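Student: all I have is the shape, not the residue letters:
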Ligand code: T1G
C-alpha cells in the first residue's frame with residue numbers, strides 16, 4: 001500500500017483511508033493505489049462493506065488542480081468511480097471538512113454518503129472555468145433533483161451537511177466520531193438485504209423535473225454568465241442528465257469538460273485560484289502573530305461602518321468611534337439597516353443579526369480604544385486629519401496595538417512617521433462596500449514590523465478578505481492603475497464616443513459595468529472632491545458636478561435615471577454638453593470603435609501595472625491581477641490585466657501603445673521597459689524585482 005492510501009479491516013468493514021495533505025486532492029499518487037485497493041476489496045470476502053475516509057482536516061477537496069494542462073495519468077477519476085459502481089457490497093463515503101469537486105464525485109460513486117455536522121459538500125468546478133468532469137452533472141441530479149443540482153453546479157457554492165441530508169445527497173449526519181459511525185452504518189447496511197443500487201441507476205428524482213422550468217432557470221443563469229462559458233456548459237450537462245441515458249450524458253459531459261479545460265477562460269480562473277494563495281504568502285507569514293481580540297474603528301461613515309461590519313461578521317467585537325453622538329447614531333443606524341436588509345432578503349437570520357449588533361460598542365471617547373489590539377481609521381481623506389487622528393491614537397493605544405489607516409491614496413509612510421510607533425502602523429485599504437468587497441490592499445510602509453504585516457494578512461483571511469500586500473505610492477496598486485485606465489476617458493468623449501459606447505465596450509469585454517455607469521453609481525462628487533483637493537480638473541466631469549449631476553444619487557450624472565430607477569438612459573443634455581465642449585476646444589469628432597476604446601483604456605492599465613511591478617509596489621504580476629479581479633471586477637475569464645496581456649499578445653499591446661503615444665504624446669501610452677521585456681519573454685516573473 002502507498003503512503004497516500006491505506007486499508008484496514010474493522011470487523012468485516014474495510015476502511016480505505018486517503019492521506020494526501022493538505023486537502024487530500026485526488027493526485028495521481030492517490031488515484032493509482034485507491035483504484036488498486038478498491039479492485040482488491042471488491043473481490044475480498046473478508047470485506048462485507050467498504051468505507052472511504054480521509055485523514056487530516058478534510059475529505060477530498062477535488063481533483064489535483066496542478067495536474068490540469070498535463071497529460072492525464074491513468075487511472076483517472078472516472079475509472080475509479082466506474083469501478084466503485086461494479087462493487088455489489090455496500091460502499092460508504094465518510095465525509096468531514098469539505099467534499100468538493102472530484103471528491104464529491106467519488107462519494108457519488110458510493111452507494112451511501114455519511115457526513116459529520118460541520119461538513120460541506122459542493123461542486124465548485126465552475127469557479128475554475130470547468131464543470132464537474134467526474135460524472136457529477138449526471139449523478140447529483142439523481143439524488144437531489146435537477147433544479148437543486150443546477151443551482152449547486154452553476155453557482156459552485158457548497159451546502160452544509162444538514163442541507164445535503166434534507167436534499168437526499170447525504171444518507172446520515174453524525175455528531176460523534178465520524179469514522180466509527182460510518183463503520184457502524186456500513187456494517188448495518190451489509191447486514192441488510194440489499195441490493196445496493198449505484199447512484200447512476202437511480203432515476204426517480206429525474207422524473208420530477210419540470211423541463212420548462214429548468215430551461216427558464218438555465219436561461220436566467222446564462223444571462224448572468226457575462227461571457228463565461230463554464231456556467232452554460234454546466235447547465236447543458238445537467239440538462240443532458242434529464243434528457244439522455246446516463247452513459248450518453250456522461251460522454252457529453254466529458255466532451256464539454258475537455259473543451260473547457262483547454263480554453264483560456266479555465267486557464268485564467270485556475271491561474272487566479274493559485275494567484276490568490278500566492279498573494280497570501282506575505283513576508284513573515286510564519287512569524288508569531290499578534291493577538292487580535294478587540295478591534296476599534298474610527299469613523300462610522302460608509303467606509304467605517306462597512307469595515308466595522310466586516311470584523312463583526314468575522315466574530316470580532318468592535319468599538320466604533322465617532323466625533324459626536326449624532327454621527328455615531330447615524331452610523332449605527334446604517335449598520336442596523338444593512339443587517340435588516342439581509343434579514344429581509346433571507347440571507348441572514350434575525351438571531352444572527354441580533355448577535356452581530358451585540359458585538360458593536362459605540363463611543364465618542366478615544367480612551368475607549370485603549371484596549372483595542374487593532375485600530376483602523378476611516379476618517380476624511382485628508383492628510384492633516386489623518387495625522388491628527390494618529391496623534392491621538394499614539395497617545396491612547398496600548399503598546400503593540402496595530403494602527404491602520406484606510407486611506408485610498410495618501411502616503412502611509414508619512415502617516416507612520418507622524419507617530420512614535422511606525423513599526424505598528426500600516427494601511428488597510430478596504431473597498432466599498434467594505435462588508436461585501438473581498439479585496440483588501442495591505443499597504444506596507446518602510447518601517448512596519450514583519451509580525452504586524454503577517455498578523456493583518458492572517459486577520460484578512462479570518463474575515464473572508466482576499467489580501468494583497470502593496471507598497472506605498474499614490475493610489476497603491478488598484479487606484480493608481482484605475483487612474484491610468486480612466487486617463488483617456490474625456491478625450492474619447494470629446495473625440496466622438498458617447499458614454500454608453502465606452503460602457504458597452506467594457507461590458508462586452510466582460511466587465512460588470514463600464515466606467516461612466518460606475519461613476520454614476522459611486523457618485524461623481526467623490527472624484528470631483530479628490531480632484532479639487534489635488535488641484536486637478538476633468539473638463540466634462542467637473543461641469544456635470546457643477547450642475548449637481550452626481551449620478552444615481554441625484555437622478556442625473558453621465559446618464560439620466562427616471563423616477564429613482566437605477567437603469568441608465570442616455571442623456572441628450574450631456575451629449576450636447578460634450579459636443580459643445582469639443583467645438584470649443586476645436587476637437588474634430590469621429591466614429592470611435594470598441595477596439596480603440598479598449599486600446600486607450602485597458603492597454604494603459606496594463607502599462608501602469610508593468611511600472612508598478614518594476615517599482616516593486618507589487619511583489620508579483622499575479623498580485624496585481626488578484627487586486628483587479630477582486631477589487632474592480634476585471635473579468636475572471638481573462639485572469640486579470642497582467643495575465644490578459646499574455647492572452648491579448650503583449651507585443652501587440654506595445655505596438656498599439658507606441659501608436660497612441662506617437663499620435664497623442666501622452667505619457668500613459670509610453671510602453672514601460674518592463675512591458676517590452678514581457679513582450680519578449682512572455683513571463684512577468686523574469687521582469688519583476
Ligand atoms: N488541487 C491542488 N491543490 C489544492 C487544491 C486542489 N484541488 N485545493 C487546495 N489546494 C492547495 C492550495 O493551493 C493551497 O496550497 C493548499 O492546498 C491549501 O488550500 C474532476 C475537475 C479545500 C476549501 O475547486 O476550495 O475536482 O498555497 O489555502 O483556505 O470534477 O483549498 O498551501 O501551497 O485554499 O483551508 C475542484 C479547491 C477541483 C476546491 C480549503 N475543487 N480548494 O481551503 O486552504 S477540480 C476545488 C478549495 C475537480 C473534477 C474537477 C480550498 C479548500 P499552498 P487553501 P483553505
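Tutor: In hand now; what should we look at? Everything quoted here is computed from the prediction, not taken from an experiment.
Student: ok, for residue 254, nearest residue in space, not its chain neighbours?
Tutor: Among residues not flanking residue 254 along the chain, residue 133 sits closest, at 7.0 Å (C-beta to C-beta, 6 or more residues apart in numbering). No exception for glycine: its C-beta is placed from N, CA and C like everyone else's.
Student: any stretches of the stretch 401-550 of the chain with poor pLDDT?
Tutor: Counting by pLDDT under 70, the stretch 401-550 of the chain contains no low-confidence range.
Student: near the ligand, which residues of it?
Tutor: For the stretch 401-550 of the chain, no residue is in contact with the ligand (C-beta under 6 Å from any ligand atom).
Student: in the stretch 401-550 of the chain, what residue is nearest the ligand?
Tutor: The minimum distance from the stretch 401-550 of the chain to the ligand, using C-beta to the nearest ligand atom, falls at residue 461 (7.3 Å).
Student: does that residue fall in a helix, a strand, or a coil region?
Tutor: Assigned by DSSP: H, G, I helix; E, B strand; the rest coil, the conformation of residue 461 is helix.
Student: tell me the confidence at the residue nearest to residue 254?
Tutor: With respect to pLDDT, residue 133 scores 96.
Student: and the helix or strand of the chain at the bottom of the mean pLDDT ranking, how far from the chain's centre?
Tutor: Among the helices and strands of the chain, helix 524-533 carries the lowest confidence by mean pLDDT, DSSP states H and E, at a mean of 87. Here helix 524-533 is found 29 Å from its chain centre; the criterion is C-alpha atoms, centre = their mean, to the nearest Å.
Student: check which helices and strands the helix or strand immediately after that helix in the chain is in contact with.
Tutor: Reading on from helix 524-533 to the C-terminus, the next helix or strand found by DSSP states H and E is helix 539-546. Counting contacts by 3 or more C-beta pairs under 8 Å, 6 or more residues apart in numbering; DSSP states H and E, helix 539-546 is packed against helix 489-495, helix 524-533, helix 572-585.
Student: from the chain's centre, how far out does helix 539-546 sit?
Tutor: The chain centre lies 34 Å from the centre of helix 539-546; the measure is C-alpha atoms, centre = their mean.
Student: list the buried residues for it?
Tutor: By 16 or more other C-beta atoms under 10 Å, the buried positions in helix 539-546 come out as 540, 541, 542, 543, 544, 545.
Student: doesn't residue 525 make contact with the fifth one?
Tutor: No. Contact status for residue 544 versus residue 525: not in contact, 9.7 Å apart, counting by C-beta atoms under 8 Å.
Student: between those two, which contacts overlap?
Tutor: Common neighbours of residue 544 and residue 525, using C-beta atoms under 8 Å, 6 or more residues apart in numbering, are residue 550.
Student: what does the stretch 151-300 of the chain have sitting close to the ligand?
Tutor: Within the stretch 151-300 of the chain, the residues that sit near the ligand (C-beta under 6 Å from any ligand atom) are 274, 277.
Student: quick one on the thing from earlier: could you dump the buried residues of helix 539-546 to CSV with distance to residue 681?
Tutor: What follows is the buried residues of helix 539-546, written out as CSV (distance: C-beta to C-beta, whole Å):
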residue, distance to residue 681
540, 40
541, 39
542, 42
543, 45
544, 44
545, 44
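Student: biggest separation within the residues you listed, which pair?
Tutor: Spatial extent of these (C-beta to C-beta) is set by the pair 540 and 545 at 9.9 Å.
Student: tell me the contacts of residue 306?
Tutor: 430, 432, 433, 434, 435, 436.
Student: please redo it, this time with the cut-off set to 7 Å
Tutor: Residue 306 makes contacts with 430, 432, 433, 434, 435, as judged by C-beta atoms under 7 Å, 6 or more residues apart in numbering.
Student: out of those, grab the one that's most surrounded.
Tutor: Of all these, residue 434 has the most neighbours under the rule other C-beta atoms under 10 Å, reaching 26 neighbours.
Student: and that one, helix, strand or coil?
Tutor: Following three-state DSSP, we place residue 434 in the coil state.
Student: residue 91 reaches residue 48, doesn't it?
Tutor: No. Using C-beta atoms under 7 Å, residue 91 makes no contact with residue 48, being 11.4 Å away.
Student: out of these two, which sits in the busier spot?
Tutor: Taking neighbours as other C-beta under 10 Å, residue 91 and residue 48 compare with residue 91 leading, 27 against 18.
Student: who is the more buried one paired with across the strands?
Tutor: For residue 91, the beta-bridge partners are residue 50 (DSSP bridges).
Student: OK, contacts around it?
Tutor: Listed by C-beta under 7 Å, 6+ apart, the contact set of residue 91 reads 50, 84, 110, 111.
Student: recalculate using a threshold of 10 Å.
Tutor: Contacts for residue 91 (C-beta atoms under 10 Å, 6 or more residues apart in numbering) come out as 14, 16, 38, 41-42, 49-52, 84-85, 107, 109-113, 186, 189, 196, 198.
Student: could you do residue 116 as well?
Tutor: The contact partners of residue 116, by C-beta under 10 Å, 6+ apart, come to 59, 94-97, 161, 173-179, 181-182.
Student: hey, where'd the strands end up in the stretch 301-450 of the chain?
Tutor: 318-321, 360-363, 374-377, 402-405, 425-430, 439-443 (DSSP state E, counting those that start in this stretch).
Student: my bad, the stretch 551-689 of the chain
Tutor: Using DSSP E, counting those that start in this stretch, strands in the stretch 551-689 of the chain cover 559-560, 569-570.
Student: closest to residue 675 out of those?
Tutor: When the strands of the stretch 551-689 of the chain are ranked by distance to residue 675, counting by C-beta to C-beta, first place goes to strand 559-560 at 34.1 Å.
Student: how distant is that closest one from the center of its chain?
Tutor: 31 Å.
Student: in contact with the residue of the stretch 101-250 of the chain found nearest the ligand, which residues?
Tutor: Nearest residue of the stretch 101-250 of the chain to the ligand: residue 101, at 2.6 Å (C-beta to the nearest ligand atom). Contact analysis of residue 101 by C-beta under 10 Å, 6+ apart lists 25-26, 60-63, 65, 77, 122-125, 127-128, 130, 132-134, 136, 156.
Student: isn't there a helix covering the residue nearest to residue 254?
Tutor: No. Counting by three-state DSSP, residue 133 is not part of a helix but coil.
Student: now, which of the contacts of residue 116 lie within strands?
Tutor: 94, 95, 173, 174 (DSSP state E).
Student: test my guess that the last one contacts residue 162.
Tutor: No. Between residue 174 and residue 162 there is no contact under C-beta atoms under 10 Å: 11.9 Å.
Student: name the residues contacting each of the two.
Tutor: By C-beta under 10 Å, 6+ apart, residue 174 and residue 162 have these common neighbours: 115, 117, 119.
Student: could you report the neighbour count for the second one?
Tutor: Translated: residue 117. Applying other C-beta under 10 Å, we find 13 residues neighbouring residue 117.
Student: same deal with the last one?
Tutor: Per other C-beta under 10 Å, the neighbour tally for residue 119 reads 26.
Student: not counting sequence-adjacent ones, nearest residue to it?
Tutor: Excluding its sequence neighbours, the residue lying closest to residue 119 (C-beta to C-beta, 6+ apart) is residue 161, at 4.4 Å.
Student: right, and that neighbour touches residue 169 too?
Tutor: Yes. The pair residue 161 / residue 169 is scored as a contact, 9.1 Å apart, by C-beta under 10 Å.
Student: what's the overlap in contacts for these two?
Tutor: Common neighbours of residue 161 and residue 169, counting by C-beta under 10 Å, 6+ apart, are 95, 99, 113, 115, 121.
Student: pLDDT score for the fourth one?
Tutor: Here the pLDDT value assigned to residue 115 is 98.
Student: the first one too?
Tutor: Model confidence at residue 95, given as pLDDT, is 98.
Student: do the last one as well
Tutor: The confidence metric pLDDT takes the value 98 at residue 121.
Student: and it, its phi and psi?
Tutor: When quoted as degrees, to the nearest 10, the phi and psi of residue 121 stand at phi -130, psi 130.
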